[in-house]
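K.L.:
with the sequence up front, the predicted model follows.
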Amino acid sequence: MLVAGNWKMYKGTSETVEFCTALAERLEAIDGVDVAVCPPYTALAAAVRTLAGTEIAVAAQNVHWAEEGAYTGEISAPMLRELGVYGAIVGHSERRQYFGETDETVARRAEAGLDAGLHMIACVGETGPERKGGQTEAVLRRQVSVLRPDDNLVIAYEPVWAIGTGLSATPELAQEAHALIKSLLEVPVLYGGSVKPENAAELLAQPAVDGALVGGASLDVESFVAICEAAARTPR
Ligand code: 13P
């Protein structure tokens with residue numbers, strides 16, 4: 001089980017230090033779950049420093065496919081490695097929706113991260129209209145088909161209609177999508193989309209759900225810890 005907190009564009013350096021200090025203390029006694037936090041780029045170094053010597057990993061929210069070059073505003077895998085960062089998310093639906101990310105750029109980013117030795121979380125998921133239009137399976141097949149299996153690759157199934165809406169997928173629906181993804185690529189699959197302490201246990205109890213990618217509820221130490229505890233309690 002892996003529980004990763006995607007902080008999106010929240011928390012600067014000082015809040016990150018405060019959060020990570022508290023998180024490390026609260027998670028010290030918990031076994032049976034891998035935990036990662038994904039702060040914004042500017043707070044990565046502070047997170048790595050604060051969590052040094054703990055089991056909590058630090059990942060970035062994106063990574064570029066080139067090692068270096070004329071790509072204003074981008075960050076490369078070797079730069080993340082140099083900071084001591086463990087991995088990165090790619091293909092989040094907010095990147096696809098607002099920043100023109102495509103299946104192809106997601107695949108290139110994932111590949112480069114894996115080649116550099118990073119652990120990658122590649123996000124996939126259908127929009128509300130795609131689900132209503134019966135397109136879910138086709139969309140997931142298309143998004144997953146560009147990724148290649150790797151020991152360091154994890155997929156996050158994040159139905160776009162469930163992100164930040166408070167309306168998570170039902171456990172049955174998550175199970176169905178995860179089973180499809182696993183039939184296409186043999187990698188762990190995290191669920192993301194309005195995961196909260198109240199619904200984490202039943203989502204994580206599904207056999208094809210291997211953890212969670214948490215947005216809003218990962219910004220508060222207590223709610224994030226509660227989700228980590230639910231994962232630790234889930235028999236596997
Ligand atoms: P919420 O948990 O806020 O719905 O966000 C999910 C997400 O986008 C994680 O990457």
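P.N.:
Everything's here; your move.

K.L.:
need the contact list for C228.
P.N.:
3, 27, 30, 33, 35 (CB atoms under 8 Å, 6 or more residues apart in numbering). (Each C-beta comes from the backbone N, C-alpha and C, glycine too.)

K.L.:
kindly report the same for S76.
P.N.:
So S76 contacts 63-64, 66-68, 112 (CB under 8 Å, 6+ apart).

K.L.:
and which of those residues is nearest T105?
P.N.:
Nearest to T105 among the contacts of S76, counting by CB to CB, is H64 at 9.4 Å.

K.L.:
and the closest one, how many neighbours?
P.N.:
22 (other CB atoms under 10 Å).

K.L.:
and the spatially closest residue to it that is not a sequence neighbour, helix, strand or coil?
P.N.:
Leaving aside its chain neighbours, H64 sits nearest to E74 (4.0 Å; criterion: CB to CB, 6 or more residues apart in numbering). Of the three states, E74 takes coil according to DSSP: H, G, I helix; E, B strand; the rest coil.

K.L.:
next one: the one 4 residues further on
P.N.:
With three-state DSSP as the basis, the three-state label of P78 is helix.

K.L.:
is it true that it touches D115?
P.N.:
No. Applying CB atoms under 8 Å, one finds P78 not in contact with D115, separated by 10.2 Å.

K.L.:
these two: which is more packed in?
P.N.:
P78 (16 against 12).

K.L.:
got the contact list for the more buried one?
P.N.:
67-68, 116.

K.L.:
mind running it again at 6 Å?
P.N.:
Listed by CB atoms under 6 Å, 6 or more residues apart in numbering, the contact set of P78 reads 67, 116.

K.L.:
the one 10 residues further on now?
P.N.:
Applying CB under 6 Å, 6+ apart to A88 gives the contacts 59-60, 63, 113, 118.

K.L.:
what do you get for G128?
P.N.:
W161.

K.L.:
from the ligand, how far off is it?
P.N.:
Going from G128 to the ligand by CB to the nearest ligand atom, to the nearest Å gives 14 Å.

K.L.:
ok, now G125?
P.N.:
Applying CB to the nearest ligand atom to G125 and the ligand gives a distance of 9 Å.

K.L.:
do T170 as well
P.N.:
15 Å.

K.L.:
okay, now that residue: neighbour count?
P.N.:
14.

K.L.:
state the phi and psi torsions of it.
P.N.:
Backbone torsions for T170, taken as degrees, to the nearest 10, come to phi -70, psi 160.

K.L.:
residue in the protein nearest to the ligand?
P.N.:
G215 (2.2 Å; CB to the nearest ligand atom).

K.L.:
so what sits opposite the residue nearest to L118 when sequence neighbours are not counted in the bridge?
P.N.:
Leaving out its chain neighbours, the residue that sits closest to L118 by CB to CB, 6+ apart is G87, at 4.8 Å. For G87, the beta-bridge partners are A59, H119 (DSSP bridges).

K.L.:
okay, who's weakest in the contacts of C228 by pLDDT?
P.N.:
Lowest pLDDT among those: I30, with 92.

K.L.:
now do stretch 135-154: distance to the chain's middle.
P.N.:
When C-alpha coordinates are averaged (CA atoms, centre = their mean, to the nearest Å), stretch 135-154 and its chain have centres 14 Å apart.
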